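Engineer: Have a look at this prediction, sequence included:
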Amino acid sequence: MESIQSTKQRFEIIGNDVKLNRAIEKAIQVAPTDISVLVTGESGVGKEAIPKIIHSLSHRKHAKYIAVNCGAIPEGTIDSELFGHEKGAFTGATSNRSGYFEVADGGTIFLDEVGELPLTTQVRLLRVLENGEFLKVGSSQVQKTDARIVAATNINMFEAIKKEKFREDLYYRLSTVEINIPPLRERKDDIHLLFRKFASDFGQKYKMPTIRLEDDAVQLLLKYRWPGNIRQLRNIAEQISVLESSRNITLASLDSYLPNSSNTSLPAVVDKEKKKGDFSNEREILYKVLFDMKGDLNDLKKLTLELLKHNDTEKVQEENENLIRKIYGKEEEIYTEEEEEMASKILELPESYAEKPKNTTTTEDKYYFAEEIEEEETLSLQDKEIELIKKSLERNKGKRKAASAELGISERTLYRKIKQYDL
């Protein structure tokens with residue numbers, strides 16, 4: 001069995017952290033088997049190194065190794081990408097296509113961000129894990145694959161299962177062995193080591209002297225929280241290597257490249273429950289204004305309906321005192337006498353409506369005030385003949401032969417009538 005140190009050298013893994021060494025040791029141990037492996041860890045910790053180790057140290061090393069980022073493939077095409085499709089299965093499927101599982105037969109397939117898979121694809125994946133069978137999109141013929149699956153995720157799978165975004169049975173199938181990669185903030189001793197390696201690499205790449213951190217800058221480097229983990233550390237090393245004219249990096253220089261560096265490694269306290277009325281941005285304020293306006297509008301509709309029903313301003317005011325106060329915000333001076341008189345005139349119903357006797361039956365005619373117009377039907381034979389000829393021609397898209405057959409007259413007679421009535 002290959003040693004941890006030789007594996008780190010072979011796959012260019014930097015660090016001596018105990019948790020990192022344990023993760024590599026697990027990968028070496030499971031490599032000769034066909035056990036499904038789930039690699040967990042935050043984004044940017046280097047999870048993609050583990051499936052490479054497993055594949056290279058397994059008996060599948062001479063077959064294909066395919067890495068798939070499940071989060072980068074649109075939901076509508078993920079089944080086709082993974083399992084392939086038949087010609088004509090959907091619009092644009094102009095030929096048969098082999099999926100990753102078919103291509104990786106006998107090798108290893110690495111499903112990165114497996115937690116982003118849609119539930120329908122999870123069902124297909126579960127079947128592959130159980131018996132190696134799958135169906136191409138648009139095909140009814142079962143195919144088999146001998147691909148080993150190594151998956152990775154940066155999300156909390158138990159939370160995803162709880163929210164019904166990930167199947168529990170699939171999680172346990174994938175995670176026969178779970179390998180966790182620790183975040184960079186838990187590998188304090190490795191941070192400066194990694195920074196020096198990256199600084200050396202970028203010095204050679206850009207043909208510049210390698211940058212060096214002063215002692216107080218090293219302390220800041222170790223205290224920083226590194227939310228983006230190794231990927232962020234590498235980017236910072238590249239930025240400083242290219243942008244800084246001095247090769248000796250001071251505390252101030254390093255600090256200018258670290259976002260929110262003042263927080264260092266202190267834990268952040270997040271108050272999830274906002275106080276009532278405490279708006280953090282303009283959008284929330286706008287929403288509140290719109291909701292208030294909608295509420296006022298509904299109240300006004302209710303008040304107007306009451307006035308229309310009773311046609312008694314004083315009675316409506318008494319019965320809806322609280323509503324009026326809510327809309328206008330003043331207990332007093334709701335209406336001046338002039339305003340009341342004006343409001344009464346505005347809200348006064350038309351005589352024809354107000355004097356209309358109330359219908360106490362259940363079949364109330366809401367549109368009794370509308371004028372009913374009856375169209376007088378013509379009894380002229382000529383008009384009827386013209387109407388029938390027009391309809392027949394329209395129905396037969398102007399084809400006279402078909403129209404004449406439908407009307408029961410000769411085509412010549414139809415032609416004569418068209419000329420006669422100028423149709």
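Structural biologist: Cool, got the structure.
Engineer: make it CA atoms for all contacts and neighbour counts henceforth
Structural biologist: Noted.
Engineer: helix or strand for V68, which one?
Structural biologist: Element membership of V68, judged by DSSP states H and E, is strand 65-69.
Engineer: Show me what the helix or strand just after that strand is packed up against.
Structural biologist: Downstream of strand 65-69, the next assigned helix or strand under DSSP H and E is helix 78-83. Packing partners of helix 78-83 (3 or more C-alpha pairs under 8 Å, 6 or more residues apart in numbering; DSSP states H and E): helix 100-103.
Engineer: Show me where the stretch 1-150 of the chain has its helices.
Structural biologist: 4-10, 18-30, 49-56, 78-83, 100-103, 119-131 (DSSP state H, counting those that start in this stretch).
Engineer: for these, which one sits closest to R212?
Structural biologist: Among the helices of the stretch 1-150 of the chain, the nearest to R212 by C-alpha to C-alpha is helix 4-10 (23.7 Å).
Engineer: ok so, going back, format the helices of the stretch 1-150 of the chain as a markdown table; extra columns: distance to K163.
Structural biologist: Below are the helices of the stretch 1-150 of the chain laid out as a markdown table (distance: least, C-alpha to C-alpha, whole Å):
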| stretch | distance to K163 |
| --- | --- |
| helix 4-10 | 38 |
| helix 18-30 | 29 |
| helix 49-56 | 28 |
| helix 78-83 | 22 |
| helix 100-103 | 28 |
| helix 119-131 | 12 |
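Engineer: Take those helices and lay them out in JSON lines including mean pLDDT.
Structural biologist: Shown next, in JSON lines, are those (pLDDT from 0 to 100):
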{"stretch": "helix 4-10", "mean pLDDT": "90"}
{"stretch": "helix 18-30", "mean pLDDT": "94"}
{"stretch": "helix 49-56", "mean pLDDT": "95"}
{"stretch": "helix 78-83", "mean pLDDT": "93"}
{"stretch": "helix 100-103", "mean pLDDT": "94"}
{"stretch": "helix 119-131", "mean pLDDT": "93"}
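Engineer: Using a markdown table, please lay out those helices together with distance to A237 and mean neighbour count.
Structural biologist: Output for the helices of the stretch 1-150 of the chain, formatted as a markdown table (distance: least, C-alpha to C-alpha, whole Å; neighbours: other C-alpha atoms under 10 Å):
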| stretch | distance to A237 | mean neighbour count |
| --- | --- | --- |
| helix 4-10 | 21 | 13 |
| helix 18-30 | 22 | 18 |
| helix 49-56 | 21 | 22 |
| helix 78-83 | 36 | 22 |
| helix 100-103 | 36 | 22 |
| helix 119-131 | 39 | 16 |
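Engineer: Direction included, what does the strand holding V68 pair against?
Structural biologist: strand 108-112 (parallel) (DSSP bridges).
Engineer: now the angle from the partner strand to helix 49-56?
Structural biologist: Put simply, strand 108-112 runs at 170 degrees to helix 49-56, going by axes from the mean of the first three to the mean of the last three C-alpha atoms, to 10 degrees.
Engineer: For strand 108-112, which outside residues touch it?
Structural biologist: Outside strand 108-112, the residues that touch it by C-alpha atoms under 8 Å, 6 or more residues apart in numbering are 48, 51, 55, 60, 63-71, 100-101, 147-153.
Engineer: Buried only: go through those residues for me.
Structural biologist: Among the contacts of strand 108-112, those buried by neighbour count (16 or more other C-alpha atoms under 10 Å) are 48, 51, 55, 60, 63-68, 70-71, 100-101, 147-153.
Engineer: So for T176, which of the helices of the stretch 1-150 of the chain sits nearest?
Structural biologist: Closest to T176 of those, according to C-alpha to C-alpha: helix 18-30, at 10.3 Å.
Engineer: which helices and strands sit right next to that closest one?
Structural biologist: Where contact means 3+ C-alpha pairs under 8 Å, 6+ apart, helix 18-30 is packed against helix 4-10, helix 49-56, strand 177-180.
Engineer: any chance of those in a markdown table, with distance to D422 too?
Structural biologist: Shown next, in a markdown table, are those (distance: least, C-alpha to C-alpha, whole Å):
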| stretch | distance to D422 |
| --- | --- |
| helix 4-10 | 93 |
| helix 49-56 | 84 |
| strand 177-180 | 87 |
